[in-house]
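1. turn this into a model:
(3 chains)
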Amino acid sequence: MSLEKRVKQMLLANPDPGKIKKGISLVLLKIFLTPAGRFGTRAFGSRSEKKLSLILYNHARRIFKSPHSSVFISLFGPIELVHAFNLLPFSLEMLSAVAASMSLAPDLLARAEKEWLSSDFCSFHRTYIELARTGLLPKPLFCMATSHTCDGTFKSFSQVSEYFSTPLIFFDTPYHLDMNAVKYLARQIESAVHTIEEITGRSLQVSDLERAFQNSNRARKALLDINNLKRHHTPLIYGEESLLFVLVIGSLLGSRAGASLYKAYMEELKKRADARFNKINGKKRILWLHLKPFFPNTLMKYLERDLGAVIVAEEINSVYWEELNIHNPWESLAKKLMSNLWVGSIEKRLNYIRRTIEDYQIDGVIHFSHWGCRQSNGAVRLIKDTVMEYGIPFLNLDGDCIDSRNYSEAQYITRLEGFMEILG
Amino acid sequence: MITAGIDIGSVSTEMVVLKEGVLYHSIVMDTGPNSKSAVEKVFSTACIETGLKSGDFDFIVTTGYGRKSTGIGHKTVTELSCHARGAWHLNNDVRMVIDIGGQDSKVIKVSEEGKSLDFLMNEKCAAGTGRFLEVMARALEVSIEELGEIAVSGEGSVEISSMCTVFAESEVVSLIAEGHSKAIIIRGLMNSIASRITGMVHRVGMSPPLMLTGGVAKNRGVIRALEEKLGSSILVPANPQIIGAIGAALIAMDECC
Amino acid sequence: MNKPILTLEGLTASISTATRKGKVGILCPYTVEEIIDASGFVPFRLIPQRPSLDIADAYLPNNLCSYLRHVVDMIIKGDIKDLECIIMNHSCDASRRVFDILSYYVPGIRSYFLDIPRKWDSDSHEYFHHLLLNFTSFLEEVSGSIITDECLRESVKVYNENRRLLRKLYSLRARVPHLLDSRFMVAIMNENMGRPKGEMNKILDSLLSQIDTTGKDARRGKRVFVSGGLIDPFPMLRFIEEAGGQVVGDDFCFGGRYSSELVEENEEPVRALSKRYLVKVPCGRMERNAERFHYIIDEMKKYEAESLIYVSLKFCDNFLIDYHHFKKILDQEHIPSLFLESEYFSMGKGQLETRIEGFLEMLK
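-> Reported below is the predicted structural model:
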């Protein structure tokens, strides 16, 4: 039995954060021993992917080792704040993604359904609620959630903090991006700092905040450079791998490890560009919207490697925010939160799509409609019409990022092939 | 030049042979549990019935759910492109194909050159497919063939509120118990299918002229209900089940030249 | 048993509709109606009338709130005449997208998006106050005239009176549920959301005076409280009554919860409004949504309801997920409850009836 299967069996039969820590250490060791940079193999696409896995699993290990320093946060929240307090944040949504990649999600979701959790509800939320309830997560110091990206976030985080009897810090993200709204959110952030100081018993040091901001800004710059490199060159990296960046955004933005990871990726991709890298045979350049299925599957591999439709731009990796400013920290953080593409009206998203199609010579756009994601799927008609303005084809792919139970490979393959036939 | 198209669906398998681009022979048969043997069977039957040998075929394209299950065939093309091409071949004005099969349904937007421009598929849900009619025919104790004839025999229908086939079936049973006539119920069911399909059409974006293909296209009740809901007449070919295979055989010709 | 003849037609016959005012379409009770009223328009709740959804399918996926899909269908088909504009709130994610769809595809009807803070502290009041000032400017632009403080105060008074009358009606309904049955209550509450409140108050006054309940307290049958959001579950309520239940209370968005909390009449009106709307019994989207559960239990005790039927629209995260939490509290209080979910129109009659009958049979 493979290491992964053994770990999975152990986790489900006897949830124990202590044992999980040991399991993660084993997985870390395995990753460490796997050679990087063997391109085209099943192991890692780029050398940096190995580093990404190591950094993430190490971060997870630290959380299980020192839960009293850990914070469960929502994706796209003010994570730099948590790093500034020298605490360990991890996005619960991304923990669901990790659980899915370990094939744990079907069992967890089946259990959740017995507890009245409607299957109309997004599986990201259902999975991490169940992870908490089942005892697979350690008790964190506190939880932190924003009202974006969706309605389900606050409710799910309330459930999780209730199970753990930990405080929940909640940010109400306004819809409009204007000065009053920024100040409203900034005041909430400032007040949250006081709350965290009470919880931890120590005050926030400006030098620590400055450091977290610098790390975040460095990561941001590196990501901008990576995106820039992908604009003109033949594909330098597969989208399947790029989509893993979201795991880093959800846990390590604001940390030195996060900054160094993006820097490593940027340097590796720059080297490839300079060396006129041509190992990725891309027939078509694709813009990918939303996330991908995180459970083991061949969807992306089939699309990019077999059909040759390579993803050169991902919405989830867009740098939508300005550099963080230490001289106006709370407003700066507030603006970052509110600039997220999924906050407010559809405008920001449509503008991103237009700019990207123009700048990246996009041949076709794929929107992955994750089941239950109303803020994203509700807009598909508008996205489709926007893409059609450019005379390029659009594919809406219905699916689920976490729940593999309804996944039918044959159905995906027909749609992807049908899309390729339209692309010509 | 002899080309062929084989459409291996989950319920039925069709093969069309074109000689110099003209329909030479066609076969429709049940797929059965094994796609691979279904292809082999339809191919050997075609050979027997036409006197052709496998080497006589210049190019064969396979399509449909089981298109990759076989070694027979030189290329696979999705049923989306094949239906677009097949329908457009019969009528160059066609700009949208609605295909209602045994277990799935699809809507395909067709370009001026007979290529697929956009599509929407439903294979997850039985509502809006031939399966829906099968289930209801059984509940009403009529044959599927009779459903269409009874539907067009009059006017008036009852609303079937359930979206789901399973629930709709129990609703039908209740309606029978309440004393509604079979004809009224059947027309209600036709409206249900039409609603589902119309929703799909609007999602892709209505673009007439429309052509209806697939086994269910033989049902006059469905045709009438669809035309009413869509507010547009629909073209129905004489042999709606082989359109995918025709398209595949035509695409095979493109590959030859 | 002689039932006094109570019909909506009988009550409204004597009330003449003063002037034909332009309508402002609303969908959510967090839209501050007083400001619309003060602008000279009638806040008009958009209530779908037809089961068809064909057109909506062209714009929205079908795993999205069916109420909103019906509203989009209705608006695009042009079902509502004299619509000056539509106000959408930040009720939920689906609302955001419906606003986007309407903005792009129905440019002929102006739509406005009103954000609502999820918190209710003084900071949120401040921010909501700012949002309401913007809202007021928008309505001034549409109407072409300034909304004065006096107009606002007048509207506040009328709306407060409406709330008082509705609360009396609800108390009365709990005492004589066989008279004020669900058919009637739904008709009244729908009428309440289609008429200027000044007229409606006269109708309510007339209604309340006609019901003499001395000695007619009829506590029989199984007393059920129905909790839910935007769904207008008239068929469901009827199934409950047909199965021997009596609907003695509800907390629907435009039902029981609608009249919660009066507006301070001695304060500066926009400020008073921003406070009232954030302080009233919360709906599922608010940070303090758990208070709703305790409010429901208090109402149930007040109206002597023995059991709870919790209804939610499918795909409604704000209300569906709440039941998960609420059930634990209900179990602690030993309150039997039934959970029902359905689409706006297609309610699956057979399954609903079976569940409701089965539930009521279980109660002693």
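
2. and the pLDDT for the residue in the stretch 51-200 of chain B that chain A sits nearest to?
-> In the stretch 51-200 of chain B, no residue comes nearer to chain A than residue B:80, which is 4.1 Å away by CB to the nearest CB. Backbone N, C-alpha and C define where each C-beta goes, glycine included. Looking at residue B:80, its pLDDT is 95.

3. one more: residue C:4?
-> 45.

4. for residue C:215, same thing?
-> At residue C:215, pLDDT is 52.

5. next: the one 5 residues further on.
-> Reported pLDDT at residue C:220 in the predicted model: 72.

6. residue A:420 versus the residue of the stretch 51-200 of chain B closest to chain A, what's the distance?
-> 11 Å (CB to CB, to the nearest Å).

7. and for residue C:154?
-> Residue C:154 is 65 Å from residue A:420, by CB to CB.

8. more neighbours: these two, which one.
-> residue A:420 (21 against 16; other CB atoms under 10 Å in any protein chain shown).

9. that's a helix at that one, yeah?
-> Yes: counting by DSSP: H, G, I helix; E, B strand; the rest coil, residue A:420 is part of a helix.

10. how about low-confidence regions in the chain?
-> Looking at chain A here, since you left the chain open. A:1-4, A:6-7, A:10, A:14, A:17, A:19, A:35-44 (pLDDT under 70).

11. wait, chain C was what I had in mind.
-> Applying pLDDT under 70 to chain C flags residues C:1-6, C:13-20, C:212-219, C:230-231, C:364.

12. any part of stretch A:118-125 near chain C?
-> Yes: looking at stretch A:118-125 against chain C by CB under 8 Å from any CB of the partner chain, the contacts come from A:118, A:120-122.

13. please flag which of those residues sit within helices.
-> Residues of these located in helices (DSSP state H): none.

14. columns distance to residue A:199 on top of those, output as JSON lines?
-> Output for the residues of stretch A:118-125 next to chain C, formatted as JSON lines (distance: CB to CB, whole Å):
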{"residue": "A:118", "distance to residue A:199": "33"}
{"residue": "A:120", "distance to residue A:199": "35"}
{"residue": "A:121", "distance to residue A:199": "29"}
{"residue": "A:122", "distance to residue A:199": "28"}
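
15. max pairwise distance over those: which two?
-> A:118 and A:122 (10.3 Å; CB to CB).

16. those two - which one has more neighbours?
-> Taking neighbours as other CB under 10 Å, residue A:118 and residue A:122 compare with residue A:122 leading, 24 against 20.

17. phi first, then psi, for the more buried one.
-> Backbone geometry at residue A:122, expressed as degrees, to the nearest 10, gives phi -50, psi 130.

18. closest point of the stretch 251-400 of chain A to chain B, which residue?
-> Closest residue of the stretch 251-400 of chain A to chain B, CB to the nearest CB: residue A:393 (7.2 Å).

19. would you confirm that that residue contacts residue B:116?
-> No: taking contacts as CB atoms under 8 Å, residue A:393 lies outside contact range of residue B:116: 9.7 Å.

20. anything in contact with each of the two?
-> Listed contacts common to residue A:393 and residue B:116 are residue A:422; contacts here mean CB atoms under 8 Å, 6 or more residues apart in numbering or on different chains.

21. neighbour-wise, which of those two wins?
-> residue B:116 (26 against 23).

22. mind checking how far residue A:70 is from residue A:20?
-> 13 Å.

23. just list what whichever strand or helix holds residue C:278 packs against, helices and strands only.
-> Taking DSSP states H and E as the criterion, residue C:278 maps to helix C:269-279. Secondary-structure packing of helix C:269-279 (3 or more CB pairs under 8 Å, 6 or more residues apart in numbering or on different chains; DSSP states H and E): helix C:33-38, helix C:122-143, helix C:149-175.

24. what is the neighbour count of the residue of the stretch 51-200 of chain B closest to chain A?
-> Neighbours around residue B:80, by other CB under 10 Å: 31.

25. apart from its neighbours in sequence, what residue is nearest it?
-> residue A:418 (4.1 Å; CB to CB, 6 or more residues apart in numbering or on different chains).

26. what about the one you found, how many neighbours?
-> Using other CB under 10 Å: residue A:418 sits among 24 other residues.

27. test my guess that residue C:353 contacts residue C:239.
-> Yes: applying CB under 8 Å as the test, residue C:353 and residue C:239 come out as touching, 5.2 Å apart.

28. more neighbours, those two?
-> Neighbours were counted for residue C:353 and for residue C:239 using other CB under 10 Å; residue C:239 has more, 23 against 19.

29. where's the residue in the stretch 51-200 of chain B positioned nearest to chain C relative to residue B:63, distance?
-> Taking CB to the nearest CB as the measure, the stretch 51-200 of chain B has residue B:199 as its residue closest to chain C, at 3.7 Å. Distance of residue B:199 to residue B:63, given as CB to CB: 25 Å.

30. looking at the two, which has the bigger crowd around it?
-> The residue with more neighbours, out of residue B:199 and residue B:63, is residue B:63; 30 against 21, by other CB under 10 Å.

31. show me what from chain C comes close to chain B.
-> So chain C meets chain B at C:51-55, C:57-58, C:62, C:343, C:345-351 (CB under 8 Å from any CB).

32. sounds good, over and out.
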